[in-house]
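> The sequence isn't on hand, but the structure is:
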């Protein structure tokens, strides 16, 4: 059970709730300490976009659903933060688009990988892959390990809350990379094929809904959605939104 | 000893150093897990202001020094993050302006309070107050407890990295509240009497220097500094600065 420290009446209850949830994730060995700080950095950007799913994010979510449905071998990469925040949603999405789930964490730890896998299985996941002997080319240290029947084989990888080095290397391997990143300026955001600039806890239910809506669409329609999508334009819309919002807030 | 993970040559060495310091704070039971997330949140705003003490922060620091020197009964409130990041500086400032130090943490824990007190004593603190039976009116749960010879009695409270609810309640009790908050939009920033929009690790040495410079000034001069200070204007300058910087970053 998660011990929630803030009263429900607190105006920032949800934000404090997810912070407590991740702290619990650390206690049960799933989230890293660095994951907590990374979450905090995201919180600020969420705050700056007004903690809402905006139009640019909705476009990215639609393109993501289409790309996952079109993929020959899609893989959803889960880390310590996503495993705690959206475990059920990851499983639901993987069933809906026929994707593998693979554990991949930034601060490597075999024990934490196993705990994340067990955590997802507790929520009803079928197969959960662990990083094996395959490698992401161009990445130093043991962070390069991926599963040979997971990300190595994938044509489309969904890697929310990912590191810039890895996103770049996966893209360089010719894979289409979809990420969720609240910071439109990050290297991950700038390098990915599709960047959803939104909070993962809001993204997942919308993405599931959109994949469900589109799952019987003809491939030509899905292809059209993907081809019309322009990530550079989306990122600049996100930045412009933050800019305008700060401008208005500064004038209050 | 703190285990530092980044090499000194790393362009973000200082930022990574403080992150490691706080992780160590968690291990020794002083910083809360949620404190790491809160720190990450601040990191983003620090990034947005360019990790420098800007002119608006210097104005707030000067007004803070003057207000603390003028105070009848000033109290410095210390939490798990400030105890780890700036313990010596808190003690030095308390000696310089004749202020009480009181432990007050957002995620209440008697054990952590005692550890923070012991930690400060290790750095040479004289008296360190713990929250007692007195209450901040208007705050639910045990977060309302304060010391009857500390914040309860204070006319001026210095509460860096504070929560919005508490800042509002302290202000409503008629106290002058000084905070350090990298987010100029936060309720804490907006509610406080003086908001220093800067990183606490840069603020403390400058604040000590300023208090030392002003400590022999006549009260009329100190009063003039305080009366000329306009927190609304400072906050809007901080916001305008972030806005201009984002605008430039977006165009790169």
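Perfect, I can see it now. Everything numeric in this text was worked out from a predicted model, so none of it was measured. Numbering: from 1, shown residues only, chains lettered A, B, ... in the order given.
> nearest spatial neighbour of residue A:114, skipping sequence neighbours?
residue A:130 (7.3 Å; C-beta to C-beta, 6 or more residues apart in numbering or on different chains). The way it works is simple: take the backbone N, C-alpha and C, and place the C-beta from them, glycine included.
> for that neighbour, what are its contacts?
Taking C-beta atoms under 8 Å, 6 or more residues apart in numbering or on different chains as the contact definition, residue A:130 lies against A:102-103, A:113-114, A:117, A:147.
> Indicate whether stretch A:93-106 makes contact with chain B.
No - using C-beta under 8 Å from any C-beta of the partner chain, stretch A:93-106 stays clear of chain B, coming no nearer than 12.3 Å.
> follow-up on the earlier one: save the contacts of residue A:130 as TSV, and put in pLDDT, neighbour count and secondary structure too.
Formatted as TSV, these follow (pLDDT from 0 to 100; neighbours: other C-beta atoms under 10 Å in any protein chain shown; DSSP: H, G, I helix; E, B strand; the rest coil):
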residue	pLDDT	neighbour count	secondary structure
A:102	95	26	strand
A:103	94	23	strand
A:113	94	21	helix
A:114	96	14	helix
A:117	97	20	helix
A:147	83	21	coil
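> just to revisit the earlier point, now do the residue nearest to residue A:114 against chain B, distance only.
Distance, residue A:130 to chain B, by C-beta to the nearest C-beta, to the nearest Å: 24 Å.
> cool, residue A:233 as well?
Applying C-beta to the nearest C-beta, the value for residue A:233 to chain B is 13 Å.
> got the buried residues for the helix or strand hosting that residue?
In the assignment (DSSP states H and E), residue A:233 maps to helix A:231-251. Residues of helix A:231-251 classed as buried: A:231, A:234-235, A:237-239, A:241-243, A:245-246, A:249-250 (neighbour count, 16 or more other C-beta atoms under 10 Å in any protein chain shown).
> Mind telling me which residue of chain A is nearest chain B?
residue A:40 (2.4 Å; C-beta to the nearest C-beta).
> what residues are up against that residue?
A:19, B:36-44.
> Could you save the residues you listed as JSON lines and add columns showing secondary structure and pLDDT?
Formatted as JSON lines, the contacts of residue A:40 follow (DSSP: H, G, I helix; E, B strand; the rest coil; pLDDT from 0 to 100):
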{"residue": "A:19", "secondary structure": "helix", "pLDDT": "88"}
{"residue": "B:36", "secondary structure": "helix", "pLDDT": "92"}
{"residue": "B:37", "secondary structure": "helix", "pLDDT": "90"}
{"residue": "B:38", "secondary structure": "helix", "pLDDT": "91"}
{"residue": "B:39", "secondary structure": "helix", "pLDDT": "93"}
{"residue": "B:40", "secondary structure": "helix", "pLDDT": "92"}
{"residue": "B:41", "secondary structure": "helix", "pLDDT": "91"}
{"residue": "B:42", "secondary structure": "helix", "pLDDT": "93"}
{"residue": "B:43", "secondary structure": "helix", "pLDDT": "91"}
{"residue": "B:44", "secondary structure": "helix", "pLDDT": "91"}
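> quick one: contacts of stretch A:212-223?
A:62, A:65-67, A:69-70, A:96-97, A:225.
> can you tell me the average pLDDT over the helix or strand hosting residue A:171?
Secondary structure assignment for residue A:171, by DSSP H and E: helix A:164-172. Throughout helix A:164-172, pLDDT has a mean value of 86.
> and if you look at stretch A:69-89?
pLDDT averaged over stretch A:69-89 gives 96.
> what's the spacing between it and its chain's center?
7 Å (C-alpha atoms, centre = their mean, to the nearest Å).
> That one and chain B, any residue contact?
No - using C-beta under 8 Å from any C-beta, we find that stretch A:69-89 stays clear of chain B, coming within 10.7 Å at best.
> In that stretch, which residues are buried?
In stretch A:69-89, counting by 16+ other C-beta under 10 Å, buried: A:69-71, A:73-87, A:89.
> Stretch A:174-186 too?
Under 16+ other C-beta under 10 Å, the buried positions of stretch A:174-186 are A:175-186.
> restrict these to contacts with chain B.
Within the buried residues of stretch A:174-186, those near chain B by C-beta under 8 Å from any C-beta are A:183, A:185.
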